[in-house]
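I'll drop the sequence and a predicted model, then ask my questions.
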Amino acid sequence: MITAEGLTKRYGDKTAVDDVSFAVSPGKVTGFLGPNGAGKSTTMRMIVGLDRPTAGRVTVNGAEYRRLRAPLSEVGVLLDAKAVHTGRTARNHLLAMAATHGIPRSRVDEVIELTGIGSVAGKRAGGFSLGMGQRLGIAAALLGDPHTLILDEPVNGLDPEGVRWVRHFVRRLAAEGRTVLLSSHLMSEMAQTADHVIVLGRGKVLADAPLADLVRAWTTETVRVRTPRATDLSEAVAGADVEIVTTGPETLEVHGLPAARIGDLAAARGIPLHELTPTTGSLEDAYLALTGESVEYRTKEIA
């Protein structure tokens, strides 16, 4: 369990994290989302004691990180995969970490095999590709077989097989009852991995909810309808809270009315339907709607 209470971090006159409170529970994957500059990295750094809060506190299993007796065995962290001694081999990097924490050499072999870096374990980390460096960072986070795992952009640079492996692996860890906090900008991947999401914007918590609830609250259901009598159907389903968009000679998108009701109205008037497809919003849709006013660095649209 990770618990933040009134967590605040200021750098001079800039407030990076502003009175943030949340809890990351075991047994589920919690996604940590937010635009660049939202305060995610600062919050994760405060969780593991790399930054000291200006106010508030954050604990892991009831204790501040700096007071944990065996931090590597309690919290596995990947914040910067490049934070390695570039002159050491991957194996020696992990062996050095293990030696300073009383972790047996056999565990080094286990995480090397687990993360698929066996073929490069004898090579210097400085020559690793981005994806292989990520795998080494994940291996380091897993070294102590921790109950809590904090991963910042773990699939960055990974190939499709690696992305899929991370997804399945973190879900397996959560199913074992571990606490998993996962940060990523890849909404499609987060949608397949996270059970719960915490969204930050300009240093504040914008949402803290199960993923399905967040999507339901911040998106609308659309029903795609195809019929040779599109005009008749538009008249049949029209209402105060119904929005109808004509997308083709025989196709409509209907907002504000469930597919079953559209089908009933069409049947009552003898209107043939060639397609009736309900679609729900995505996590990306919900995220963009939620954070639209909290983006600090906005790109310009190109006409």
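Ah, there it is. What you are looking at is a predicted structure, and each value in this text was computed from that prediction instead of being measured.

Next up, the contacts around M1.
A23, V24, S25, P26, V60, N61, G62, T148, T179 (CB atoms under 8 Å, 6 or more residues apart in numbering). The C-beta positions use only the backbone N, C-alpha and C, and glycine is treated the same way.

distance of it from E221?
35 Å (CB to CB, to the nearest Å).

And for V180?
V180 is 30 Å from E221, by CB to CB.

Compare the two and say which is more crowded by neighbours.
Neighbours of V180 and E221, each counted by other CB atoms under 10 Å, are more numerous for V180; the result is 29 against 15.

Tell me the confidence at the more buried one?
What the model reports as pLDDT for V180 is 97.

contacting residues around it?
V24, K28, V29, T30, T148, L149, L151, V170, L173, A174.

Just flag the most distant two among those.
K28 and L151 (14.4 Å; CB to CB).

higher neighbour count, these two?
L151 (24 against 19).

Tell me how far that one lies from T3.
Taken as CB to CB, the span from L151 to T3 is 19 Å.

residues contacting the closest residue to E64 other than its chain neighbours?
Nearest residue to E64, sequence neighbours excluded (CB to CB, 6 or more residues apart in numbering): R57, at 6.7 Å. Applying CB under 8 Å, 6+ apart to R57 gives the contacts A4, E5, G6, L7, E64.

Would you pull up how far the host helix or strand of R57 lies from the middle of the chain?
Under the criterion of DSSP states H and E, R57 resides in strand 55-60. Distance of strand 55-60 from the chain centroid (CA atoms, centre = their mean, to the nearest Å) equals 22 Å.

Repeat that for stretch 284-291.
13 Å.

which other residues reach stretch 246-262?
Residues contacting stretch 246-262 (CB under 8 Å, 6+ apart): 220-228, 230, 233-234, 237, 239, 241-245, 274-278.

One more pass at 10 Å, please.
Contacts to stretch 246-262, defined as CB atoms under 10 Å, 6 or more residues apart in numbering, come from residues 220-231, 233-234, 236-245, 264-265, 271, 273-279.

Which of these fall in helices?
Judged by DSSP state H, these include A230, T231, L233, S234, A236, V237, D264, L265 as members of helices.

could you dump the residues you listed to CSV with distance to L78, pLDDT and neighbour count?
Converted to CSV, these look like this (distance: CB to CB, whole Å; pLDDT from 0 to 100; neighbours: other CB atoms under 10 Å):
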residue, distance to L78, pLDDT, neighbour count
A230, 52, 96, 19
T231, 56, 95, 10
L233, 52, 96, 24
S234, 52, 95, 17
A236, 55, 95, 16
V237, 50, 95, 20
D264, 52, 96, 11
L265, 53, 96, 16
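
Domain map for this protein?
Under the assignment automatic domain parsing, the domains of the chain span 2-210, 220-279.
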